[in-house]
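> Just need the structure, nothing else, for what follows:
(chains A and B)
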Amino acid sequence: MAERGRTAGGLDASPAPALPTSPRLRPGVPNMRWSQTLIPTLREDPQDADVPSQKLMIRAGLIRKLGAGLFTYLPLGLAALRNAERIVREEMDKAGALEMLMPVLQPADLWKESGRFDGFGDLMCKFTDRNGHINVLGPTHEEVVTHHVRCEINSYRQLPVTLYQIQTKFRDEIRPRFGVIRAREFLMKDAYSFDTDWEGLNKSYQKMYDAYNATFKRAGLRFCIVEADSGLMGGDVSHEFMVLAEIGEDLLLRCDKCLYGANREKAECINEGKKWDLVHAPTYAPVQEVATPGVSTVDAVAKFLRTPAERIVKTLIYKVKGEPVAVLVRGDHEANPAKLAKHFGTAQIELADAATIEKATGGPLGFSGPVGLKIRKVADNTLMNLTNAVTGANKLDTHIVNVNLDRDFTIDAYADLRFAAAGDRCPRCEGTLALSHGIEVGHTFKLGTKYSESLKAEFLNDKGELKPCIMGCYGIGVSRLLAAAIENSHDKDGILWPPGLAPYSVHLVSVNPKDAKVATASAKLYESLNAAGIQVLWDDRDAQAGVKFKDADLLGMPVRLTLGGRGVDAGTVDLKPRNEAAQRPVPLAAVVAEVRSALEKYAATFAK
RNA sequence: CGGGGCGUAGCGCAGUCUGGUUAGCGCGCCUGGCUUGGGACCAGGAGGUCAGCAGUUCAAAUCUGCUCGCCCCGACCA
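Residues are numbered from 1 along each chain as shown, chains lettered A, B, ... in the order given. Here you go, the predicted model:
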């Protein structure tokens, strides 16, 4: 925590009368006395907040909502945000990335050049300016940074370079929710690396990967790293940095034995390859049609035929580039659209409507099956194991039992097409995958040449050849990080700030500050802590002690100091770490050392 | 975009179904008193275009229509 004691000169703009002023120890924190700052705490939960971090951020006076997905940071929230920003910036600088600042407003032409103008669709805010030019509010900055690189970099001698900024992004989310976790306007750190070759990209990528690890560790987060799909961004290798939290919108699978982790879309499934009949059914039984009136869902069929869902073949009819294709997965599995897209090499994949299904299979929706089906059939790997299975009959209210692969139907291609599920075998070792929820706070991509080719970010190599830059991009949701930290670290009374993010290290409560001796002793204590470089929020309000204690718990600074009349008489102040129930008196003379050791002890609980 | 819900004082809510005094309650806020180690107490007080617009009616927070905003579920997704 040595980095927290930066001084910025004595610029206290509003000295309190009769009390000495103190140097401002951290830029962005304008005042340390409660009576002189704005910390509007709320006793009750706000009506329109639904997750703990959002409730606490509003109740603790960190943020206020302006509109759907729009938040104002009040002084205390801004202090925390600046801390997050500072950690990110320091780790980026340490990794050799260069900070710059690009406009939020961008010409749409750049986005048309990269081909993403339509791809982003309504997620991107667009408008026409007075001159008739279309502009966008940048949801990300690949296009802009690549534009600058193509203008300024033309030789391999100028590479590699990694550029970054910390700046506001706009995304017109379909449904903003969870407070700053999915906001329409948010603070993001975005970095972009440019290399001459893939080997260089691997090095640049590793530097960012390591910097992300360091950043999230310093922020005190419980996080894990998972393999991810690169989606709209392009490229192949991609990692997500996930904060483990119940309310997280992302699903991830992690191995209980090794370090393998992947988000649900990406998680690989291995086929353990046990033929069902080796265990359960010794021989192929004859095919038989059975009437299943009104029974079409897998669950219902399983119940109706008293068969486990895993013995049912689920036949989904998709439209792939407009063509109907049958996708077969086991009844207890789910088809994974991301894997389908990869398999078919196109994003144009959608479930077919009832009319298309009738036309393609000859039967109604809900009763499709592979037997006799003329269209292309692809199957998830696990289907190889099935024997004497149940499928739809392509006929209303009818299923077929004892269906067997190759005897009764054939498959055009097998692939990993399903979502991994809890309990699956780890694709890397003998372990088992478990499902968790996560909040994505960081994402790294090896982009390759997607943008450097479309936007012509090219350089001359040492042989005089023109080559596109090999790019990577790296994002951190800075504002989201705060909410994630609170999701990780709160109790029924309020926040427990990780030390790296805490707006103040110490929350000093004066009990009955109208008592002159308490006021004087508190001021002295406050000054000595300031002089020692410890950030203090001094609750100097004339309020009930209980009110102040509740607020201190809500705000969640690491250490609370309480000074009242009896403490002044005894020459002690009561010290209570936020994560402990009990307080203890420490001699006023030793308070700096005591606070330091308490802070260290507190910090240790956030270290993994 | 589909489904559901909400909008009344700074915050949290009642009142709306069944139209009818001066629109209430808790918290917060202001003044005074008393108090101050876990959300005190007493007295007095300020604060409302009842989301907006239009309509029905002798009379609308309340009934009708439209509009706006917000929240939840789903689809979608850096």
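
> near RNA strand B, which residues of the stretch 251-400 of chain A show up?
Residues of the stretch 251-400 of chain A found near RNA strand B (C-beta under 7 Å from any atom of the strand) are residue A:337. Every residue, glycine included, has its C-beta placed from N, CA and C.

> if I look at residue A:429, how far off is residue A:258?
According to C-beta to C-beta, to the nearest Å, residue A:429 and residue A:258 sit 4 Å apart.

> Over to residue A:586?
Residue A:586 sits 46 Å away from residue A:258 when distances are taken as C-beta to C-beta.

> which of these two has more neighbours?
residue A:586 (19 against 13; other C-beta atoms under 10 Å).

> Other residues contacting the helix or strand harbouring that one?
Taking DSSP states H and E as the definition, residue A:586 sits inside strand A:584-587. If you take C-beta atoms under 8 Å, 6 or more residues apart in numbering as the criterion, strand A:584-587 is touched by A:567, A:570-576, A:594.

> again, only this time at 10 Å
Contacting residues not belonging to strand A:584-587 are listed as A:561-562, A:566-567, A:570-577, A:593-595, A:597-598 [C-beta atoms under 10 Å, 6 or more residues apart in numbering].

> what sits against the residue of chain A positioned farthest from its centre?
Largest separation from the mean C-alpha position in chain A: residue A:286, at 51.3 Å (C-alpha atoms, centre = their mean). By C-beta under 10 Å, 6+ apart, residue A:286 lies in contact with A:388, A:401-402, A:404.

> Which residues of the stretch 1-150 of chain A lie near RNA strand B?
A:41-48, A:50, A:65, A:67-69, A:123, A:139-140.

> List the contacts of residue A:269.
Contact partners of residue A:269, counting by C-beta under 10 Å, 6+ apart, are A:253, A:333, A:336, A:339, A:380-382, A:416-421, A:424-425, A:427, A:433.

> re earlier: among the contacts of strand A:584-587, which ones lie close to RNA strand B?
A:562, A:566-567, A:574, A:576.

> among the contacts of residue A:269, which are in strands?
Mapping the contacts of residue A:269 onto strands (DSSP state E) picks out A:253, A:380, A:433.

> Buried ones among these?
By neighbour count, with 16 or more other C-beta atoms under 10 Å, the ones in strands among the contacts of residue A:269 hold A:253, A:380, A:433 as buried.

> For the last one, give the beta-bridge partners.
To tie it back to what came earlier, the one meant is residue A:433. In this entry, residue A:433 is beta-bridged to residue A:255, by DSSP bridges.

> Which strand residues bridge residue A:510?
Per DSSP bridges, the residues bridged to residue A:510 are residue A:563.

> Just to check, it is in contact with residue A:561?
Yes - here residue A:510 reaches residue A:561: they are 9.4 Å apart, a contact under C-beta atoms under 10 Å.

> any shared contact partners between the two?
Residues touching both residue A:510 and residue A:561 (C-beta under 10 Å, 6+ apart): A:522, A:525-526, A:538-539.

> of all the buried ones among the ones in strands among the contacts of residue A:269, which comes closest to residue A:133?
Taking C-beta to C-beta as the measure, residue A:253 is the one of those closest to residue A:133, at 45.6 Å.

> OK, contacts around the closest one?
By C-beta under 10 Å, 6+ apart, the residues touching residue A:253 are A:226-227, A:260-264, A:266-269, A:419-424, A:426-427, A:432-436.

> Look up how far residue A:238 lies from it.
In terms of C-beta to C-beta, residue A:253 sits 16 Å off from residue A:238.

> Could you do residue A:425 as well?
Distance of residue A:425 to residue A:238, computed by C-beta to C-beta: 23 Å.

> of these two, who's got more company?
Legend: neighbour count by other C-beta under 10 Å for residue A:425 and residue A:238, higher for residue A:238 (22 against 16).

> packing partners for whichever strand or helix holds residue A:224?
Element membership for residue A:224 (DSSP H and E) is strand A:223-227. When contacts are defined as 3 or more C-beta pairs under 10 Å, 6 or more residues apart in numbering; DSSP states H and E, strand A:223-227 sits against helix A:198-218, strand A:238-244, strand A:250-255, strand A:261-263, strand A:433-448, helix A:478-488.

> Mean neighbour count, those: which tops it?
Burial of the helices and strands packed on strand A:223-227 is given as mean neighbour count (mean count of other C-beta atoms under 10 Å); helix A:478-488 ranks first at a mean of 27.

> What angle do strand A:238-244 and that one make with each other?
Here helix A:478-488 runs at 40 degrees with respect to strand A:238-244, directions being taken by axes from the mean of the first three to the mean of the last three C-alpha atoms, to 10 degrees.

> Out of residue A:510 and residue A:561, name the residue with the larger neighbour count.
Using other C-beta under 10 Å as the criterion, residue A:510 and residue A:561 rank with residue A:561 on top: 30 against 27.

> Report whether the more buried one is found in a strand, as I expect.
Yes - according to DSSP: H, G, I helix; E, B strand; the rest coil, residue A:561 belongs to a strand.

> now the helices for the stretch 501-608 of chain A?
For the stretch 501-608 of chain A, the helices defined by DSSP state H, counting those that start in this stretch cover A:516-531, A:545-555, A:565-570, A:591-604.

> And the strands in the stretch 251-400 of chain A?
Under the criterion DSSP state E, counting those that start in this stretch, strands of the stretch 251-400 of chain A are mapped to A:261-263, A:288-291, A:313-320, A:323-330, A:349-351, A:377-380, A:389-392, A:398-403.

> quick one: residue A:375 and residue A:325 touch, right?
Yes - using C-beta under 10 Å, residue A:375 is in contact with residue A:325, at 6.2 Å.

> check contacts around residue A:356.
A:317-319, A:322-324, A:350, A:365.

> Show me what the most centrally placed residue in chain A is bridged to.
Centroid check for chain A by C-alpha atoms, centre = their mean gives residue A:440 as the closest residue, at 1.1 Å. In this entry, residue A:440 is beta-bridged to residue A:242, by DSSP bridges.

> contacting residues for it?
Residues near residue A:440 by C-beta under 10 Å, 6+ apart: A:181, A:223, A:226, A:228, A:240-243, A:248-250, A:252, A:263, A:475-477, A:480, A:484.

> Mind pulling up the pLDDT for it?
pLDDT, residue A:440: 94.

> Same check on residue A:125?
With respect to pLDDT, residue A:125 has a value of 89.

> Looks like it contacts residue A:137 (just checking).
Yes - between residue A:125 and residue A:137 there is a contact under C-beta under 10 Å: 4.1 Å.

> shared neighbours of these two, anything?
A:104-105, A:170-172, A:184-185.

> Can you name the residues of the stretch 451-600 of chain A sitting close to RNA strand B?
Counting by C-beta under 7 Å from any atom of the strand, the stretch 451-600 of chain A sits next to RNA strand B at A:475, A:477, A:480, A:493, A:511-512, A:514, A:542-547, A:549-554, A:562-567, A:574, A:576, A:583.

> Any quick PyMOL command for the buried ones out of those residues?
Selection command for PyMOL covering only the buried members of these, criterion 16+ other C-beta under 10 Å:
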select buried, chain A and resi 475+477+480+511+543+549+551+552+553+554+562+563+564+567+574+576
